[in-house]
Structure formats: C-alpha cells, structure tokens
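Visitor: mind folding the following:
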Amino acid sequence: MVAKGRENPGGQDVEFSIRMEAFAEFLAEKGLKLTRQRSAVLEEVLNGGGHFDAEDMVARLKGGTTQVSRATVYRTLELLRECNLVDKLDLGESRSYYEQMEPGAHHDHLICTRCGNVLEFHNEKLEALQTEICRKFDFEEAHHSLRIFGLCGKCRGKGQAHRG
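Guide: Residues are numbered from 1 along each chain as shown. Below is the predicted model:
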C-alpha cells in the first residue's frame, strides 16, 4: 500500500520512507523498537488521510496482514504525536481525533456542532495576524490551533426547515 500522492516516478515512496525512518529514530532515542505493529499503524495513518479517532484506527487495522491490539494503537498514536507525525485534535467531543501532520503545512478547522463535519482551511492573512499578535506581546509561538465551532450550511438549512 502506498501513501496517496507520495509515490515518485521510480515507484519508491520517498515521503513514507522518510517518515518511517524519523519514527524509527525517535523510538530508538526512547529505547523502543519499530515493530511490525507500530509500522502498520504509521502506514495506515499515512495512507488513510482525514481525521480519525483511535477506535477508527483499530477498525481500519482489523483484518489486516499485521494484527494490532487496541492498546498498541493507542500507545502508537501517542508516540506518533510526540514525534510530530500526527496531531491530536479536540473537536469538541469526549474523544480525541488525530490527523497526519504534513511537514511545513498548517491549517485550521471549522467544526459543525450538529453533524460533526470538519472543514479544513488555511488563510495567509489570519496566519500573518497571529504572527503580528505574538510579536506585539513578545511571545514566541511553538504552535497554534484555531477551531471554530458552529453550524455548516447543510445543518443551518435543516434547522431552518424544521422551524418553518
């Protein structure tokens, strides 16, 4: 299985290999090994895309060639977060969601509180304003996350139809 959009003309998946190697080095620094199970979780993260929770990952890996326990999925996702290969998101629910981190890329989220749909967006003006605010307050940003909660167009339409 090759991570979408990452295959080079020679058939080698360079980006996947780079991330797998980074994860292996991170684990070695912690005195841990890159097991088949951990590799399977990372491969599924890189191939799957989108937002997912740990239980989604357990279901996606079930029946695969490498059996991965629920506990291993949870522990591996936390290790991937520490290694900056995934981001852990609070989308206003009791469970946490994850998404693959793209090197050098940043986006924010619009979250529908009715249907749970998550829209990603990037706005250079907003990024510049955040940088300006940090500069004004002599604050060095490590990272940031903007989440806007509300109703998407479809759900607003449904709500209006019910009123009327």
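Visitor: enumerate every residue touching R114.
Guide: Under the criterion of C-beta atoms under 8 Å, 6 or more residues apart in numbering, the contact list for R114 reads 151-152, 155, 158-159. Glycine gets a C-beta too; all of them are placed from N, C-alpha and C.
Visitor: so V118 bridges to which residues?
Guide: For V118, the beta-bridge partners are I111 (DSSP bridges).
Visitor: now do the helix ranked longest in the chain: which elements does it pack against?
Guide: As assigned by DSSP state H, the longest helix anywhere in the chain is helix 14-29. Helix 14-29 sits against helix 36-48, helix 70-82, with contacts defined as 3 or more C-beta pairs under 8 Å, 6 or more residues apart in numbering; DSSP states H and E.
Visitor: restrict it to CA atoms and write it as PDB.
Guide: Taking Å, rounded to 0.1, in the frame of the first residue of the first chain, the C-alpha atoms of helix 14-29 are listed here in PDB:
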ATOM      1  CA  VAL A  14      10.200   8.600  -0.500                       C
ATOM      2  CA  GLU A  15       8.000  10.600   1.900                       C
ATOM      3  CA  PHE A  16       6.800   7.400   3.500                       C
ATOM      4  CA  SER A  17      10.300   6.100   3.900                       C
ATOM      5  CA  ILE A  18      11.400   9.400   5.400                       C
ATOM      6  CA  ARG A  19       8.600   9.400   8.000                       C
ATOM      7  CA  MET A  20       9.200   5.700   8.800                       C
ATOM      8  CA  GLU A  21      12.900   6.400   9.400                       C
ATOM      9  CA  ALA A  22      12.100   9.500  11.500                       C
ATOM     10  CA  PHE A  23       9.800   7.400  13.600                       C
ATOM     11  CA  ALA A  24      12.400   4.600  14.000                       C
ATOM     12  CA  GLU A  25      15.000   7.200  15.100                       C
ATOM     13  CA  PHE A  26      12.500   8.700  17.600                       C
ATOM     14  CA  LEU A  27      11.700   5.300  19.000                       C
ATOM     15  CA  ALA A  28      15.400   4.400  19.300                       C
ATOM     16  CA  GLU A  29      16.100   7.600  21.300                       C
END
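Visitor: could you give the angle of it to helix 36-48?
Guide: Taking axes from the mean of the first three to the mean of the last three C-alpha atoms, to 10 degrees, one finds that helix 14-29 is oriented at 140 degrees with respect to helix 36-48.
Visitor: can you check the pLDDT for K62?
Guide: K62 carries a pLDDT score of 89 in this model.
Visitor: burial measure for it, as a count.
Guide: 10 (other C-beta atoms under 10 Å).
Visitor: can you check F149 too?
Guide: 11.
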